[in-house]
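Chemist: Could you work out the structure for the sequence below:
(3 chains)
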Amino acid sequence: MKLRQCLMEIFQRLFDFYGPQNWWPGDSPLEISIGAILTQNTNWRNVESALDNLKQRDLLEINKLAEIDELELARLIRPAGYFNIKAKRVKSFVLWLKEMGGFDRLEKIDTGRLRDMLLQVPGIGYETADSILLYALERPVFVVDAYTRRVLERHGITNATKMGYEHLRSLFESNLPKDVRLFNEFHALFVRVGKERCHKKSPKCEGCPIAGVECHEVQVDTVRER
DNA sequence: CTCCAGGGGGCCA
DNA sequence: TGGCCCCATGGA
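Modeler: Take a look at the predicted model:
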């Protein structure tokens, strides 16, 4: 079946099986954004612990984070790991955000340009930028991560591990309706099913909701990025 | 004890 | 581009 039907089939099965994932955990665009930075290569549990430290001190505000001493910030986010480098990254992002005039001011900037700007901020790469765009700013951007690649690879849909980030992202964005709610749920479901690691428990991936989805493999040998 | 999480950047060929 | 290394905590 065609790729877009295949992707929707996968989404349907995942959603029917797991239900809504209610992403992103967080009460404000700022908390979501900071969480996106803190969770880089880090278990979410540890991130929550770090975010709690900031919440308890009422530091989840742009001006306070912009003013706080970097070493002090590093101490507070310690449980999230990589605390020195993440303190820098949080600082960079918040200072950029403040310079931009806050989240409200970002609304009038089109998604493509905003994405480019985010990618300029030190410590914000593709996945972090897209997580902020989708989950904090509610822009229709598909977030690709290691789970996405693993699941696609595992079920023989694409040779995703060899595809560049942008190519894989455009694969989803050009074959799905640009719907924030769909992208939100889809990525969260990829993470959910990716955590199951059904390939280790059962090589055939029995019990996996998307086992046996019929889809001709999308082969990409020469991947060109933009 | 080892392994690895909801990555990104710097360096080098 | 592609490979390698570094960053670091806490749970399994």
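
Chemist: average pLDDT across stretch A:8-16?
Modeler: The pLDDT scores in stretch A:8-16 average 96.

Chemist: same thing with stretch A:197-217?
Modeler: pLDDT averaged over stretch A:197-217 gives 69.

Chemist: go on, stretch A:45-62?
Modeler: Mean predicted lDDT for stretch A:45-62 stands at 98.

Chemist: Give me the contacts around that stretch.
Modeler: With contact meaning Cβ atoms under 8 Å, 6 or more residues apart in numbering, stretch A:45-62 is reached by A:25-26, A:28, A:30-31, A:34-35, A:38-39, A:64-65, A:68, A:76-81, A:94, A:97-98, A:102. Bear in mind the C-beta positions are built from the backbone N, C-alpha and C, glycine included.

Chemist: Can you list which of these are found in helices?
Modeler: Applying DSSP state H to the contacts of stretch A:45-62, the entries found in helices are A:L30, A:E31, A:I34, A:G35, A:L38, A:K64, A:L65, A:L76, A:V94, A:L97, A:K98.

Chemist: if I look at the closest residue to A:E138 other than its chain neighbours, how far off is A:H216?
Modeler: The shortest distance from A:E138 to any non-neighbouring residue, by Cβ to Cβ, 6 or more residues apart in numbering, is to A:V180 (5.1 Å). Counting by Cβ to Cβ, to the nearest Å, the gap from A:V180 to A:H216 is 29 Å.

Chemist: ok, these two, which is more surrounded?
Modeler: Between A:V180 and A:H216, counting by other Cβ atoms under 10 Å, A:V180 is the more crowded of the two (15 against 11).

Chemist: Can you get me a residue count around A:Y18?
Modeler: Burial measure for A:Y18: 15 neighbouring residues, criterion other Cβ under 10 Å.

Chemist: Report the buried members of the ones in helices among the contacts of stretch A:45-62.
Modeler: A:L30, A:E31, A:I34, A:G35, A:L38, A:L65, A:L76, A:V94, A:L97 (16 or more other Cβ atoms under 10 Å).

Chemist: will you turn those residues into CSV that also has pLDDT?
Modeler: Output for these, formatted as CSV (pLDDT from 0 to 100):
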residue, pLDDT
A:L30, 98
A:E31, 98
A:I34, 98
A:G35, 98
A:L38, 98
A:L65, 98
A:L76, 98
A:V94, 98
A:L97, 98
